[in-house]
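Peer 1: Fold the following for me, if possible:
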Amino acid sequence: MHQWSMCVALLVLLTATVTLADGEKIEKQGKKERKSDCGEWQWSVCVANEGDCGFGTREGTRSGTDCRHTIKTQRCKIPCNWKKQFGGDCKYDFQAWGECDPNTGMKMRTGELKRALVDANCPNTVSATKPCGKPKTKI
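Peer 2: This next block holds a predicted model:
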């Protein structure tokens, strides 16, 4: 008789555990559904705090009736070694510098778009030029 009551108690305990676990799953699904009412974050371009590069901020907005936050500010950084002519929102993989053009005294290289911020309008390929400089001689 004692074993029978232990089995019943164990069965009741297992049933309660399974019921609670199912209740938590339903509650978690409800939370996920609420989050889906919010739209995706749309980010503005990074604006440097001082000058054209360095640390700055960008603003994100999203729509949705049940969203807790619809506007937020995020810190960002515009690397100072990125070419300003390509914008701080576009990152390119550049080839090696080409040969010096004796007519212009310049050398050129092209770059292909590697990464861009979400709303940035970046060309797929760009080219950069720089003066050839003095030839290096070894002693």
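Peer 1: rest of the way, CA atoms for contacts and neighbours
Peer 2: Will do.
Peer 1: List of residues touching the longest strand seen in the chain?
Peer 2: Longest among the strand segments of the chain by residue count, using DSSP state E, is strand 106-116. Here strand 106-116 makes contact (Cα atoms under 8 Å, 6 or more residues apart in numbering) with 89-101, 122-132.
Peer 1: try it again with 10 Å
Peer 2: Contact partners of strand 106-116, identified using Cα atoms under 10 Å, 6 or more residues apart in numbering, comprise 87-101, 122-133.
Peer 1: so of these, which ones are in strands?
Peer 2: The strands, defined by DSSP E, take in 90-94, 125-131 from the contacts of strand 106-116.
Peer 1: and the longest strand of the chain, which residues are buried?
Peer 2: Buried residues in strand 106-116, defined by neighbour count with 16 or more other Cα atoms under 10 Å: 107-108, 110-111, 116.
Peer 1: ditto for stretch 61-73
Peer 2: Buried residues in stretch 61-73, counted by 16+ other Cα under 10 Å: Thr70.
Peer 1: ditto for stretch 71-82
Peer 2: Buried residues in stretch 71-82, counted by 16+ other Cα under 10 Å: 76-79.
Peer 1: Spatially, which two of those are the most separated?
Peer 2: Greatest spacing in the buried residues of stretch 71-82, by Cα to Cα: Cys76 and Pro79 (9.7 Å).
Peer 1: List buried residues within the contacts of strand 106-116.
Peer 2: The buried subset of these (16+ other Cα under 10 Å) comprises 87-92, 94, 122, 126, 132.
Peer 1: Which of these sits closest to Gly64?
Peer 2: Scanning the buried ones among the contacts of strand 106-116 for proximity to Gly64, where the rule is Cα to Cα, the winner is Asp89, at 26.8 Å.
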